[in-house]
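Student: the sequence isn't on hand, but the structure is:
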């Protein structure tokens, strides 16, 4: 068994940065991440995103805990969810919708494949 331990997640240096895949206007959000992909169908990491609006592209089931920032997620056909530091979400597989990041967010996450 391998234990993944992310220390001081609010200040950890993230490894990769790239613009979101499907931005909806400007500014275009930039995401940064550090992650560990495991062979048991699970990926875990720390993810950060700058302000902007964009369409969610992840189809895996995801649990995430927000460490900082403020945003809204509006699932397709659903009501907006206001998310702030300290909140946690469990997104079912194939949860599509729009992210609107008002203040740079950082979260820890677990993707279940």
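Tutor: Good, I have the coordinates. These numbers were taken from a predicted model, which means no experiment stands behind them. Numbers count the residues shown, from 1 in each chain.
Student: the residue nearest to the spatial centre of the chain: which element?
Tutor: Nearest to the mean C-alpha position of the chain, counting by C-alpha atoms, centre = their mean, stands residue 47 at 5.5 Å. Per DSSP states H and E: residue 47 is located in strand 42-49.
Student: tell me, how many residues neighbour residue 49?
Tutor: Residue 49 has 20 neighbouring residues, counting by other C-beta atoms under 10 Å. Any C-beta I mention is one placed from the backbone N, CA and C, and that applies to glycine too.
Student: that one reaches residue 100, doesn't it?
Tutor: No - look at residue 49 against residue 100 with C-beta atoms under 8 Å: they stay out of range, at 10.7 Å.
Student: pLDDT weak spots in this structure?
Tutor: For the chain, the stretches flagged by pLDDT under 70 are 1.
Student: give me the buried stretch members for the one helix or strand residue 54 maps to, please.
Tutor: If you go by DSSP H and E, residue 54 is part of strand 52-55. Of the residues in strand 52-55, those buried by neighbour count under the rule 16 or more other C-beta atoms under 10 Å are 52-54.
Student: next structured bit after it?
Tutor: Next along from strand 52-55, by DSSP H and E: strand 61-75.
Student: with that, I have no additional questions.
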